[in-house]
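A.B. asks: Next one to model:
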Amino acid sequence: MSKAFFKEDTPPDDDDEFADANPVPAGSKNYMTPAGHARLQGEFDHLWKVERPKMVETVAWAASNGDRSENGDYLYGKKRLREIDRRLRFLGKRLDNAEVVDPGAREATDQVFFGATVDVMDVDSSEEQTVSIVGIDEADAAQGRISWVSPMARALLKAREGDAVTLRTPAGERHLEVLQVRYLPLD
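C.D. replies: Residues are numbered from 1 along each chain as shown. Below you'll find the predicted structure:
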């Protein structure tokens, strides 16, 4: 079959895949902890220095084998190379716009700001929870790390120890009491 009639089943080469992934609010900085910045930088460096050169080598080898329209190594390699390049652009933009904030360097305060580790109690159920307010790319609910743009973090920001805040969720309102605020270096 002629290459003129060959169509790859790949999306256009743009950043749409990552456009909605953890968006930074318009006009805001991309706050992150030093550990989060290091993780993103590590992923960027690994993709740029290790994975991409290997894939370029594979694609060059596959291209030298002849007919590219039926060459699985070539087609997969080109697709993977586009994925790597798309991720590199996404990470590059996030790192360029990053505002690194070290919670361990903040002086002691009982008020909640970015980087705080906060113990809260649900007033209605007496259930206690500990959350750390981190950057958008660092959020991991299983580890108690919530994004600073999440509804819970927005409810807690600027509250002080002993304050009661209202968290509005789709399931209804929750009333939380701030038990303790501390600033620790996050890993």
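
A.B. asks: quick one, what contacts residue 61?
C.D. replies: By CB atoms under 8 Å, 6 or more residues apart in numbering, the contact set of residue 61 is residue 73. C-beta here means a position set from N, CA and C on the backbone, and glycine is covered the same way.

A.B. asks: Relative to residue 177, how far out is it?
C.D. replies: From residue 61 across to residue 177, the span is 62 Å (CB to CB, to the nearest Å).

A.B. asks: tell me the secondary structure for the closest residue to residue 29 other than its chain neighbours?
C.D. replies: Leaving aside its sequence neighbours, residue 29 sits nearest to residue 99 (CB to CB, 6 or more residues apart in numbering; 4.0 Å). Recorded secondary structure, residue 99: strand (DSSP: H, G, I helix; E, B strand; the rest coil).

A.B. asks: ok, residue 99 - how many residues close by?
C.D. replies: Using other CB atoms under 10 Å, residue 99 is surrounded by 12 other residues.

A.B. asks: I figured residue 29 hits residue 97, correct?
C.D. replies: Yes: if you go by CB atoms under 8 Å, residue 29 and residue 97 touch, sitting 6.9 Å apart.

A.B. asks: mind checking the longest strand of the protein?
C.D. replies: Ranked by number of residues, the top strand in the chain under DSSP state E is strand 172-183.

A.B. asks: could you pull out the helices for this protein?
C.D. replies: Taking DSSP state H, the helices of the chain run over residues 16-19, 34-46, 52-63, 72-96, 151-156.

A.B. asks: so of those helices, which one's packed in deepest?
C.D. replies: When those are scored by mean count of other CB atoms under 10 Å, the highest mean neighbour count falls to helix 151-156 (a mean of 19).

A.B. asks: Can you pull up the most central residue in this structure?
C.D. replies: The residue lying closest to the centre of the chain (CA atoms, centre = their mean) is residue 137, at 1.9 Å.

A.B. asks: per-residue confidence for it?
C.D. replies: Each residue has a pLDDT score; the one for residue 137 is 92.

A.B. asks: I'd say it and residue 32 touch.
C.D. replies: Yes: contact criterion CB under 8 Å: residue 137 and residue 32 qualify, at 6.4 Å.

A.B. asks: residues shared between the contacts of the two?
C.D. replies: residue 40.

A.B. asks: which ones are touching residue 106?
C.D. replies: Contacts of residue 106 by CB under 8 Å, 6+ apart are 113, 115, 183.

A.B. asks: Alright, calling it a day.
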